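Novice: output the structure for:
(one chain, ligands or ions: 1)
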Amino acid sequence: MSDIINNLNIILRRMEVACRDSGRDPKEVKLLLATKTVPADRIKVALEAGQTLIAENKVQEIKEKYEPLQSVPHTSHFIGHLQSNKIKDILKYDISCIQSLDRLDVAEKLQQRLVYEGKKIEVLIQVNTSGEESKFGTHPDQAIDLVRAVSEFSNIEIKGLMTIGLFSAEIEKVRPCFRLLKEIQQEVIAQNIPNVTMRELSMGMSGDLETAIQEGATIVRVGTAIFGQRIYADSYYWDETKA
Ligand SMILES: *Cc1c(COP(=O)(O)O)cnc(C)c1O
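Specialist: Residues are numbered from 1 along each chain as shown. Prediction:
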């Protein structure tokens, strides 16, 4: 378990250096622990070491780890593919922000359910900035229209944007994805849409968090570099055909 503490310290240090190198205040950038496939006892180690923000991709895993994690205070986001038939379940487990809203019909279902339960929820709009077909997210050209449409739903509070960068070892091919998300953020801000704030840019993972921070990330989502390699390929979580 001490590997987790070690890895955490390395990540926090990487974030700090990236902030310093790009002239940003480290307080502007939050670390989110991407905990898919990680057992609750290992997540607990990170929470007990002072981390507060975690996120799952699948409702089943949220459910399984919900009770075991109750003893440690934390905030939970959802970063998996959001499907209409899972909304009811997601709302049972104190998820404060859905980072992966990418379709109007799902937003509509979400709004209906929120009204029914008398709840509100924060969301980020997920944008597919890499153009890879396997990735979820709205097309960059449609992102602003989606923000505008979702902003009409009184129980959904848009707080920003999320993206998964291109899978590439060549960081200069990943950077344009993050830059594009920042550009969309700026365009949305310029349009001054009621009920929309654009404070959060959730981008950057284990391999590319420095680049994301340089390009303006306020949330980096890190799994592997803290908890170790997963048995499942990420396509299991990201591929449309397997979700
Ligand atoms: C798994 C996952 C991450 C973390 O990826 P790592 O490469 O393990 O750091 C970030 N975002 C999303 C949406 C994920 O599914």
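Novice: so what's the residue count around residue 140?
Specialist: For residue 140, the number of neighbouring residues by other Cβ atoms under 10 Å comes to 18. The way it works is simple: take the backbone N, C-alpha and C, and place the C-beta from them, glycine included.
Novice: ok, it - contacts?
Specialist: Contacts for residue 140 (Cβ atoms under 8 Å, 6 or more residues apart in numbering) come out as 127-129, 180, 184.
Novice: near the ligand too, which of those?
Specialist: Among the contacts of residue 140, none lies close to the ligand by the criterion of Cβ under 6 Å from any ligand atom.
Novice: now for the residues you listed: which two are most distant?
Specialist: Using Cβ to Cβ, the two most remote members of these are 128 and 184, lying 11.3 Å apart.
Novice: before we move on, back to that, same list, the contacts of residue 140, but as TSV with secondary structure and neighbour count please.
Specialist: Formatted as TSV, the contacts of residue 140 follow (DSSP: H, G, I helix; E, B strand; the rest coil; neighbours: other Cβ atoms under 10 Å):
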residue	secondary structure	neighbour count
127	strand	28
128	coil	21
129	coil	28
180	helix	21
184	helix	23
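Novice: what is the neighbour count of residue 25?
Specialist: 8.
Novice: wait, it sits on residue 19?
Specialist: Yes - using Cβ atoms under 8 Å, residue 25 is in contact with residue 19, at 6.7 Å.
Novice: of the contacts of residue 140, just say which sits nearest to residue 194.
Specialist: The closest of the contacts of residue 140 to residue 194 turns out to be residue 184 (Cβ to Cβ; 18.2 Å).
Novice: residue contacts, that closest one?
Specialist: For residue 184, the contacting residues are 127, 140, 143-144, 161, by Cβ under 8 Å, 6+ apart.
Novice: pLDDT score assigned to it?
Specialist: Residue 184 carries a pLDDT value of 98.
Novice: got the residues of this protein near the ligand?
Specialist: 34, 36, 57, 79, 164, 205-206, 221-225, 237.
Novice: rerun at 8 Å
Specialist: Within the chain, the positions near the ligand by Cβ under 8 Å from any ligand atom are 32, 34, 36, 55, 57, 79-80, 99-100, 162, 164, 205-207, 221-227, 230, 234, 237-238.
Novice: quick one, strands of the chain?
Specialist: Assigned by DSSP state E, the chain shows strands spanning 30-34, 53-56, 75-78, 95-101, 121-126, 156-162, 196-202, 219-222.
Novice: rebuild these as a markdown table, extending it with mean pLDDT, distance to residue 14 and mean neighbour count.
Specialist: Output for those, formatted as a markdown table (pLDDT from 0 to 100; distance: least, Cβ to Cβ, whole Å; neighbours: other Cβ atoms under 10 Å):
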| stretch | mean pLDDT | distance to residue 14 | mean neighbour count |
| --- | --- | --- | --- |
| strand 30-34 | 98 | 10 | 21 |
| strand 53-56 | 98 | 17 | 23 |
| strand 75-78 | 98 | 21 | 20 |
| strand 95-101 | 98 | 21 | 23 |
| strand 121-126 | 98 | 23 | 24 |
| strand 156-162 | 98 | 20 | 22 |
| strand 196-202 | 97 | 17 | 19 |
| strand 219-222 | 98 | 9 | 24 |
